[in-house]
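A.B. asks: what follows is a predicted protein model with its sequence.
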Amino acid sequence: MDKKESAVNDNDLEIVEIAEFKRGGVHKKIAMNEERKRRQRRRFYGITAVYALGFSAAILLGIFVLHMPVPVVCVVLTLEALIAASFYDLRVWVQILVIAVGVAVGVIFGRLPLMILGGVVYLGAALTLHGMKRIL
């Protein structure tokens with residue numbers, strides 16, 4: 001009999017705990033937290049997709065409109081994105097200085113349109129990283 005009463009008491013305790021859980025705001029907080037995380041993931045993937053499309057469009061623009069060699073366009077734009085990833089949390093004037101130096105290099109070497117496109121990619125990467133930092 002002792003074991004049966006113990007089993008009944010355990011089941012009763014579980015039912016009481018479940019009822020308290022349902023009455024309390026804990027499950028609402030958990031659901032709200034899960035929804036917030038879901039929204040964060042959607043925004044993260046949205047920002048990443050927009051940047052990836054923009055980066056791909058910049059590469060195609062450099063290849064087909066500017067008539068630049070594929071390796072040159074890919075290397076320059078990838079380097080701009082990597083530089084932006086390295087410097088994205090610096091002050092705005094430093095960001096502008098980096099873009100201006102890139103444009104000056106484009107003027108010196110006769111590749112101004114490519115370096116302006118690189119500056120746009122740099123700006124897009126920096127803004128994307130700032131957006132992701134705010135989300136996460």
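C.D. replies: Received the coordinates, thanks. Numbers count the residues shown, from 1 in each chain.

A.B. asks: and the gap between the nearest residue to residue 95 once chain neighbours are set aside and residue 72?
C.D. replies: Nearest non-adjacent residue to residue 95, counting by Cβ to Cβ, 6 or more residues apart in numbering: residue 126, 5.9 Å away. (Each C-beta comes from the backbone N, C-alpha and C, glycine too.) Going from residue 126 to residue 72 by Cβ to Cβ, to the nearest Å gives 22 Å.

A.B. asks: and these two? which has more neighbours close in?
C.D. replies: Ranked by neighbour count (other Cβ atoms under 10 Å), residue 126 and residue 72 place residue 126 first, with 23 against 14.

A.B. asks: re the thing from before, next up, the contacts around the residue nearest to residue 95.
C.D. replies: Residues near residue 126 by Cβ atoms under 8 Å, 6 or more residues apart in numbering: 84, 87, 88, 95.

A.B. asks: and of those, the nearest to residue 131?
C.D. replies: residue 88 (10.4 Å; Cβ to Cβ).

A.B. asks: identify the residues contacting that closest one.
C.D. replies: By Cβ under 8 Å, 6+ apart, residue 88 lies in contact with 95, 125, 126, 129, 130, 133.

A.B. asks: now with 10 Å, please.
C.D. replies: By Cβ atoms under 10 Å, 6 or more residues apart in numbering, the contact set of residue 88 is 95, 122, 125, 126, 127, 128, 129, 130, 132, 133.

A.B. asks: same question for residue 57.
C.D. replies: Contacts for residue 57 (Cβ under 10 Å, 6+ apart) come out as residue 121.

A.B. asks: beyond the helix or strand in which it is found, next helix or strand please.
C.D. replies: Assigned by DSSP states H and E, residue 57 belongs to helix 26-60. The first helix or strand that comes after helix 26-60 along the chain, using DSSP H and E, is helix 70-87.

A.B. asks: which regions of this protein sit below the pLDDT cut-off?
C.D. replies: For the chain, the stretches flagged by pLDDT under 70 are 1-13, 16-27.
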